[in-house]
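>>> below are the sequence and a predicted model; questions follow.
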Amino acid sequence: MTQERRIIVLGCTGSIGTATLEVITHLASSGGPTYRVVGLAAGANAALLAEQATRFGVRDVALADAGSAALLPANLSVARGPDAALELIERIAQPGDMVMAAIVGVAGLAPVLAAIERGCHIALANKETLVAAGSVVREAVARKGVELLPVDSEHSAVFQCLRSGTLREVDRLVLTASGGPFRTWSAERTRNATVAEALRHPTWQMGRKVTIDSASLMNKGLEVIEAHWLFDLPSERIDAIVHPQSVVHSFVEFRDGSTIAQLSPPSMKLPIQYALTWPERVAGCSPTIAWDALRSLEFEPVDQARFPAITLAKRVIDAGGSAGAVFNAANEVAVEAFIEGALRFGDIPAIVTESLNGLQAHPVNTLAEVLAADRQARQFARDRVAERAAAAR
């Protein structure tokens, strides 16, 4: 693993992107594989993007906020605007490159598909890519013969556990959830939670949208759907359980009665590093478990009445087709409305449910069809949000 590999980091200024760059720096000094960062894509943080480009000697960058691009140094080659990440991939990606896909939301879908078509391997931290377009992505991955490596801690855990057996031998995958900040709250208090309260995650430091998804457990619903596409298992063989300590990241139950779990302190650097060094392991930069201080590991069932995301996710898997795009788009609209004060926290899953009820699932075979389903679902969800806002006035 001494040959230098090229890597493009999409979402480089977010929590996953910055951790990825820290892992790359660590690997260069620890005898692991060396990565040369050849492209960086960010949303609006021009200052951090410029600093990262300078630190890693990167010339080609992308910034979704075109207005902020003027703040970047003149020596950079800059793609700008909402399609900037896609333009960056189309301009510089080469067969065999690694692409860290860490753009949040369906905005990350087009650049990921473009990277696959160019023969790039994908380290996938953007769960919405598979939720909205699982069949399209899987077909492209198979056709191009590239690797799709999970970066979410839960899916990385499953991926690691599966080195103990084959999918044929698996009875069930169980993803763990911290339960978020409202795990012990009453239904009424949860329903009326504020944005500030939803952003106080007890164990993980993440971006705003992902943190709110974790509070509603919609993040776990997205992960259940993603697990279906990553590991090719039906809904009845994928489950979730609440584990407040966030030490057990997932476990796999095998047909013979064995259960294999992956444990580590809550740090995204470990799953990021595993994706970048797979199939080998090298000295890590993540903390290890202090076993002498670990007193208990708690598990409890998901309260489906307060947090219906898992039930909705299994419904999406069973429906197939455009249902994943509807689930994801409606949730993104609802979270945005909650942040803007136009929707109560407890109404986020209601908007998703109404969207799934109102838009019949149909086959999607191309990126264009996925994006059309996404647009329709967004408009439908916005209309439902507006109706609730009008009724509350």
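Perfect, I can see it now. Given the structure is predicted, the values throughout are model-derived calculations rather than measurements.
>>> point out where the stretch 101-250 of the chain drops to low pLDDT.
For the stretch 101-250 of the chain, applying pLDDT under 70 flags the ranges 204-206.
>>> how about the helices in it?
109-117, 127-144, 153-161, 187-191, 195-198, 208-216, 218-231 (DSSP state H, counting those that start in this stretch).
>>> how far away from the center of its chain is the first one?
Read that as helix 109-117. Between the centre of helix 109-117 and the centre of its chain there are 15 Å (C-alpha atoms, centre = their mean, to the nearest Å).
>>> surely residue 61 is in a strand?
Yes - under DSSP: H, G, I helix; E, B strand; the rest coil, residue 61 falls within a strand.
>>> for the closest residue to it other than its chain neighbours, give the beta-bridge partners.
In space, and not counting its chain neighbours, residue 61 is closest to residue 40: 4.8 Å by C-beta to C-beta, 6 or more residues apart in numbering. C-beta here means a position set from N, CA and C on the backbone, and glycine is covered the same way. Note on residue 40: beta-bridge partners residue 9, residue 61, judged by DSSP bridges.
>>> ok, residue 40 - contacts?
Contacts for residue 40 were tallied using C-beta atoms under 8 Å, 6 or more residues apart in numbering; they are 8-9, 12, 49, 52-53, 56, 58, 60-62.
>>> now do residue 173
With the criterion set at C-beta under 8 Å, 6+ apart, residue 173 makes contact with 158, 227, 231, 233, 237-239, 250-253.
>>> and for residue 265?
With contact set as C-beta under 8 Å, 6+ apart, residue 265 has these partners: 247, 286-289.
>>> distance of it from residue 107?
30 Å (C-beta to C-beta, to the nearest Å).
>>> same check, this time on residue 147
From residue 147 to residue 107 the distance is 23 Å (C-beta to C-beta).
>>> who has more neighbours, these two?
residue 107 (20 against 14; other C-beta atoms under 10 Å).
>>> hmm, the more buried one is touching residue 83, no?
No - contact criterion C-beta atoms under 8 Å: residue 107 and residue 83 do not qualify, at 9.4 Å.
>>> joint contacts of the two?
Counting by C-beta under 8 Å, 6+ apart, nothing touches both residue 107 and residue 83.
>>> returning to what we had before: closest one to residue 70 among the helices of the stretch 101-250 of the chain?
The closest of these to residue 70 is helix 109-117. By C-beta to C-beta, the value is 22.8 Å.
>>> and the angle for the closest one with helix 127-144?
20 degrees (axes from the mean of the first three to the mean of the last three C-alpha atoms, to 10 degrees).
>>> buried ones in helix 109-117?
109-116 (16 or more other C-beta atoms under 10 Å).
>>> please save the CA atoms from it in CSV.
C-alpha atoms of helix 109-117 as CSV (Å, rounded to 0.1, in the frame of the first residue of the first chain):
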residue,chain,number,x,y,z
LEU,A,109,-26.0,12.5,-6.0
ALA,A,110,-25.0,13.9,-9.5
PRO,A,111,-21.3,14.2,-8.7
VAL,A,112,-21.2,10.7,-7.2
LEU,A,113,-22.8,9.2,-10.3
ALA,A,114,-20.4,11.2,-12.5
ALA,A,115,-17.4,9.9,-10.5
ILE,A,116,-18.6,6.3,-10.8
GLU,A,117,-19.0,6.7,-14.6
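>>> for it, packing partners?
strand 5-10, helix 84-92, strand 98-101, strand 121-124, helix 127-144, helix 367-392 (3 or more C-beta pairs under 8 Å, 6 or more residues apart in numbering; DSSP states H and E).
>>> buried stuff in the longest one?
Read that as helix 367-392. Judged by neighbour count using 16+ other C-beta under 10 Å, the buried positions of helix 367-392 are 367, 369-371, 373-374, 376-378, 380-382, 384-385, 388.
>>> cool, the first one as well?
Within strand 5-10, the residues that count as buried by 16+ other C-beta under 10 Å are 5-10.
>>> identify the farthest-apart pair in these.
5 and 10 (16.0 Å).
>>> confirm residue 262 sits in a strand?
Yes - checked against three-state DSSP, residue 262 lies within a strand.
>>> which residues does it bridge with?
residue 250.
>>> contacting residues around it?
156-158, 160-161, 248-251.
>>> residue 252 too?
So, once contact is read as C-beta under 8 Å, 6+ apart, residue 252 ends up touching 158, 161-162, 164-165, 170, 172-174, 259-261.
>>> quick one: buried residues of stretch 285-296?
285-286.
>>> quick one: mean pLDDT over that stretch.
What stretch 285-296 shows for mean pLDDT is 91.
>>> sorry, back to before: highest neighbour count among the contacts of residue 173?
residue 227 (29 neighbours).
>>> so how far is residue 229 from the residue nearest to that one when sequence neighbours are not counted?
Excluding the flanking residues, the one nearest residue 227 by C-beta to C-beta, 6+ apart is residue 238, at 5.2 Å. Distance of residue 238 to residue 229, given as C-beta to C-beta: 11 Å.
>>> go on, residue 48?
In terms of C-beta to C-beta, residue 48 sits 32 Å off from residue 229.
>>> just residue 342 next, same as before
Residue 342 is 32 Å from residue 229, by C-beta to C-beta.
>>> neighbour count: those two, which is higher?
The residue with more neighbours, out of residue 342 and residue 229, is residue 229; 21 against 16, by other C-beta under 10 Å.
>>> leaving out the residues flanking it, which one is nearest to the more buried one?
residue 134 (3.6 Å).
>>> let me see the contact set for residue 79.
41, 60-63, 85, 87-88, 91.
>>> quick one: contacts for residue 121?
96-99, 146-149.
>>> isn't residue 276 up against residue 25?
No - taking contacts as C-beta under 8 Å, residue 276 lies outside contact range of residue 25: 11.8 Å.
>>> the more surrounded of the two?
Just comparing residue 276 and residue 25: by other C-beta under 10 Å the higher neighbour count belongs to residue 276, 22 against 15.
>>> from the chain's centroid, how far away is the helix or strand hosting the more buried one?
Residue 276 is part of helix 269-277, with elements assigned from DSSP states H and E. How far helix 269-277 lies from its chain's middle: 15 Å, per C-alpha atoms, centre = their mean.
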